[in-house]
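> sequence unknown, structure follows:
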């Protein structure tokens, strides 16, 4: 079993995968490799790359290995970029995709023709200062990643990406000047600069960002985000995602995952009851609501028109 021990060491040293060529050189035959895959002991990652594992890997682990294998397959100078770089940095806001985006140095011929299906190869001009490491692989820096995404994304996902990076501290407010510098002179920069002006790191999820943008576009922008509501004794009753303080109106962006468990449902109800008893009205919006351009602002407008008079 020495060849398996050596393959395990190889995999550990190069991001979890081994290549068919490495396995063949260590004495395994092609039929043996196929048997390992059929038996579930190895998982095919991409063309000629395998993940040796005792059991089925998690989706996250398999995804990371696929990205590492894709970068390794393209050789020196390959760097994860765009959506894949945002994913590795943990920046939310883009639609989930199985595609892998990698850049190689300009001038390398016919790269895309040799690439694995699902792998998109770019030839971006990058300096050493544009590259760092995340998830164990070379990747564009957060500022360069966000700039590259802004130039290609539509407004809503672009602002979601900005808000996510700021909220998580992946980018600081001062870093926005670096993003702006990366945009200079590039196609799409005019629109991207407008997206920068709409960024707000207080948004805690892409759903909150999309809800805010629907309100802005509908002429009812909130006057506060993440508003702490306290009782007369200063006790914190809750924090509103979006708020219109004069009308004592709060809009909650109910993401699917955080609110699915029974515990979360009970906590939401308890918190809402406390806010209502303190004189606040609550609206709740979901992701599907943000797909209807008029629904959220019209609902907010009706609530604002019905604002209770306070003596």
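Arrived safely. For clarity, every value in this text was computed on a predicted model and none was experimentally measured.
> pretty sure residue 126 contacts residue 80?
No: in this structure residue 126 lies outside contact range of residue 80 using Cβ atoms under 8 Å: 11.2 Å. C-beta here means a position set from N, CA and C on the backbone, and glycine is covered the same way.
> If you count surrounding residues, which of these two has more?
In this view residue 126 and residue 80 are compared by other Cβ atoms under 10 Å, and residue 80 has more residues nearby, 28 against 21.
> which residues does that one contact?
67, 71, 88, 100-103, 134, 137-140 (Cβ atoms under 8 Å, 6 or more residues apart in numbering).
> any idea how far residue 160 lies from residue 304?
Distance, residue 160 to residue 304, using Cβ to Cβ, to the nearest Å: 25 Å.
> residues near residue 269, how many?
Residue 269 has 10 neighbouring residues, counting by other Cβ under 10 Å.
> Other residues contacting stretch 177-186?
Under Cβ under 8 Å, 6+ apart, the answer for stretch 177-186 is 143-144, 146-148, 150-151, 171, 189, 192-193, 196.
> Quick check: the farthest pair among those?
171 and 189 (17.9 Å; Cβ to Cβ).
> Can you show me the helices along this structure?
Taking DSSP state H as the criterion, the chain carries its helices at 2-13, 20-25, 30-38, 59-73, 82-89, 111-114, 142-150, 155-167, 176-183, 189-197, 206-217, 262-277, 287-290, 295-305.
> Off-centre distance for the fourth one?
It stands for helix 59-73. Using Cα atoms, centre = their mean, to the nearest Å, the mean C-alpha position of helix 59-73 is found 17 Å from that of the whole chain.
> one step back: the more surrounded of residue 171 and residue 189?
residue 171 (25 against 16).
> The more buried one is in contact with residue 145, isn't it?
No: Residue 171 lies out of contact with residue 145 (Cβ under 8 Å); the separation is 9.5 Å.
> re the thing from before, comparing the helices of the chain, which stretch has the densest surroundings?
helix 142-150 (a mean of 27; mean count of other Cβ atoms under 10 Å).
> Averaged pLDDT, stretch 159-168. What do you get?
For stretch 159-168, mean pLDDT rounds to 98.
> And stretch 289-309, by the same measure?
91.
> Just give the number of residues close to residue 169.
The number of residues packed around residue 169, counting by other Cβ under 10 Å, is 9.
> Who are the contact partners of residue 231?
The neighbourhood of residue 231, defined by Cβ under 8 Å, 6+ apart, consists of 237, 278.
> For it, give its distance to residue 277.
Applying Cβ to Cβ, the value for residue 231 to residue 277 is 9 Å.
> wait, what's in contact with the nearest residue to residue 36 once chain neighbours are set aside?
Among residues not flanking residue 36 along the chain, residue 42 sits closest, at 4.1 Å (Cβ to Cβ, 6 or more residues apart in numbering). Contact analysis of residue 42 by Cβ under 8 Å, 6+ apart lists 33, 36, 50-53.
> what's the closest of these to residue 222?
residue 51 (46.1 Å).
> Can you give me every residue that contacts that closest one?
With contact set as Cβ under 8 Å, 6+ apart, residue 51 has these partners: 11, 16-17, 42-45, 57, 62, 65.
> possible to save these as TSV with pLDDT?
Listed next are the contacts of residue 51 as TSV, based on pLDDT from 0 to 100:
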residue	pLDDT
11	70
16	76
17	79
42	80
43	79
44	79
45	78
57	73
62	83
65	86
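> and which of these is nearest to residue 241?
residue 62 (33.7 Å).
> Just to check, that closest one is in contact with residue 46?
No: Residue 62 lies out of contact with residue 46 (Cβ under 8 Å); the separation is 10.8 Å.
> Disregarding residues adjacent in the polypeptide, which is nearest to the residue at minimal distance from the centre of the chain?
Nearest to the mean C-alpha position of the chain, by Cα atoms, centre = their mean, lies residue 92 at 2.2 Å. Nearest non-adjacent residue to residue 92, counting by Cβ to Cβ, 6+ apart: residue 164, 4.2 Å away.
> is it true that the one you found touches residue 89?
No: between residue 164 and residue 89 there is no contact, the gap being 9.6 Å when judged by Cβ under 8 Å.
> Overlap in contacts, these two.
Counting by Cβ under 8 Å, 6+ apart, the common neighbours of residue 164 and residue 89 are residue 170.
> Could you measure from the nearest residue to residue 143 once chain neighbours are set aside over to residue 196?
Once flanking residues are discounted, residue 143 sits nearest to residue 178: 4.0 Å by Cβ to Cβ, 6+ apart. Remark: distance between residue 178 and residue 196 (Cβ to Cβ) = 11 Å.
> next one: residue 143
Taking Cβ to Cβ as the criterion, residue 143 is separated from residue 196 by 12 Å.
> Tell me who's in contact with residue 140.
With contacts defined as Cβ under 8 Å, 6+ apart, the neighbours of residue 140 are 79-81, 85, 103, 126, 130-132, 148.
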